[in-house]
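In: The following comprises the amino acid sequence and a computationally predicted model.
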Amino acid sequence: MTKNELITLCEKQKNFYKTLKTKDINFRLQQLKKLYKLLYSNKLNIFKCLKEDLGKTYKESYTSELLLCLEEIHYFIKNLKKLSKRRKIENTIKSKNIKSFILYEPLGLTYIISPFNYPLQLTVVPLIDSIASGNVNLIKLSEKTSNFTKYFTNLINENFPEEFLKIIDIDYETSDFLISNFVDHVFFTGSTKVGHHIMEIASNSLCKVSLELGGKSPCVILDDANIEQACKRIIYGKYLNAGQTCIAVDYLYVSENKYKEVLANLEKYIKLFYGENPLKNENYNKIIDASAFNRLKSYLKQGKIYFGGKTDDKTNRIEPTILFDIKRDSKLNEDEIFGPILPIYIYKDYIELIKELDCRIIEKPLAFYIFTNNLKQAKEILNRYSSGTSAINDTIMQIVNNNVPFGGVNYSGINSYHGKFGFECFSHLKSITYNLKK
């Protein structure tokens, strides 16, 4: 799409928004129901694309991608009319003769830039929130998931009018031009580096910016934890989608007392989930491209391998790997891993653990995980370290409940979404006062 074509499209969307049609709750619900039917009736073709691009099984595509989209639509079908009502605000002493309300107003033109790792979920869930809020929408999909991008682009563009919703194919320069000149809200999911750039570009137009980023999410196992359960849940959350999950465990801290037991259980559940030879398991996911594959391969040399470490250059697969004795100057200590490699660090006691975490947690991560039966101690740790999300005795499950917000803080993101919080994210909360004094 050229700049001139993009300008024409944006003008169409702006003009359609001015008709106030998207402010009609029934119109929004109709679009959400249409989207639901499209997703469900085309799910097998979507799953086929995800298998070709990322190696995802149909079961994984359903549970980690489609199901979250369908549940988000269900949420708004049930709650949208209630959420959209103006909210009366209690008066203060000085405002006793004034009625005050909050009205949820659409922002206008939303631009969603989605990533490769969960291309359906991380495109459609923010889209659902934006439609529910009454916006018109442009979407840019990742070029890395070529099969999904081609199929989903045709699916959406053939079934929705372009003045309301369109997936566009533009380069990065044109994307910057769009953000600088036409967008009322840019919603980006991806790396912190690109997030910096988008925020800088968005300053030209002062449009609203929502950034869903990542970071190095820590996991801690305290001595009183159920070790087997902890390892099972860590393995599931870490190696889902071959570790290409923004809220996956990035590194693990274990005490000297439980170190051997933890290693044995981690190995046990890797074999249980992926078999003795994961590289020959057709249901094991692949790394998205050669660049990411080679970056992850370089990490394998920066510590000692306890388990895994084998790679397949032809399929871009890396075994679920556990590393220990990590080099001090290793990139593993700095970069978000975003792959199937789990570094393990040892601490002597609780005091040393806190000292280690104080040194390591420089930026606020997207997630923080603790396994323990001592809730008081868990709360102390979570109170000490800020993070976008957190979980006690589990991993990644904080994303499945759309009654709680999902998002980062500072370097791991700006703004939260899902459910009510997504509705607020894609809306302007406009105050209205009415003076009753004659």
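Out: In hand now; what should we look at?
In: Touching the least confident helix or strand in the chain by mean pLDDT from outside, list them.
Out: The least trusted helix or strand in the chain, going by mean pLDDT, DSSP states H and E, turns out to be strand 87-89, with a mean of 82. Residues external to strand 87-89 that are found in contact with it (C-beta atoms under 8 Å, 6 or more residues apart in numbering): 99, 100, 101, 102, 103, 431. In short, each C-beta sits where N, CA and C put it, glycine included.
In: And what about the fifth one, helix, strand or coil?
Out: When you say that, I think you mean residue 103. Of the three states, residue 103 takes strand under DSSP: H, G, I helix; E, B strand; the rest coil.
In: Can we start the residue count at 391 from this point?
Out: Sure, I'll start numbering at 391, so the last one becomes residue 493.
In: which residues sit in contact with it?
Out: Contacts for residue 493 were tallied using C-beta under 8 Å, 6+ apart; they are 476, 477, 819, 820, 821, 822.
In: And the residues you listed, which is closest to residue 526?
Out: Among the contacts of residue 493, residue 820 lies closest to residue 526 (C-beta to C-beta), at 18.4 Å.
In: Bridged to the closest one, which residues?
Out: Residue 820 has the following beta-bridge partners by DSSP bridges: residue 493.
In: if we can go back for a sec, closest one of the contacts of residue 493 to residue 587?
Out: Taking C-beta to C-beta as the measure, residue 587 sits nearest to residue 819 out of the contacts of residue 493, at 27.9 Å.
In: Looks like that closest one contacts residue 494 (just checking).
Out: Yes: Residue 819 lies in contact with residue 494 (C-beta atoms under 8 Å); the separation is 6.4 Å.
In: Would you format the contacts of strand 477-479 as CSV with pLDDT and distance to residue 721 included?
Out: Below are the contacts of strand 477-479 laid out as CSV (pLDDT from 0 to 100; distance: C-beta to C-beta, whole Å):
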residue, pLDDT, distance to residue 721
489, 85, 58
490, 86, 53
491, 89, 52
492, 91, 47
493, 92, 49
821, 90, 48
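In: Show the buried residues in the residues you listed.
Out: With neighbours counted by 16 or more other C-beta atoms under 10 Å, those contain no buried members.
In: show me the contacts for residue 541.
Out: Neighbouring residues of residue 541 by C-beta under 8 Å, 6+ apart: 435, 436, 439.
In: who wins for neighbours among those?
Out: Within the contacts of residue 541, most neighbours by other C-beta atoms under 10 Å means residue 436, with 24 neighbours.
In: With adjacent residues omitted, what lies nearest to that one?
Out: Sequence neighbours aside, residue 510 is the residue nearest to residue 436 in space, at 6.2 Å (criterion: C-beta to C-beta, 6 or more residues apart in numbering).
In: In contact with the one you found, which residues?
Out: For residue 510, the contact set (C-beta under 8 Å, 6+ apart) comprises 436, 440, 451, 455, 456, 459, 538, 542.
In: Could I get the buried residue list for stretch 675-693?
Out: For stretch 675-693, a neighbour-count test (16+ other C-beta under 10 Å) marks 675, 676, 677, 678, 682, 683, 686, 687, 689, 690, 692, 693 as buried.
In: One more: stretch 736-748?
Out: Across stretch 736-748, burial judged by 16+ other C-beta under 10 Å covers 736, 737, 743, 744, 746, 747.
In: which residues are contacting it?
Out: 608, 610, 612, 643-646, 649, 714, 735, 767, 771, 774-775.
In: Stretch 655-667 now?
Out: With C-beta under 8 Å, 6+ apart as the criterion, stretch 655-667 contacts 617-618, 620-622, 624-626, 629, 668, 671, 674, 696-698, 710, 712, 732.
In: mind redoing it with 6 Å?
Out: 617, 618, 621, 622, 625, 671, 674, 697, 710, 712 (C-beta atoms under 6 Å, 6 or more residues apart in numbering).
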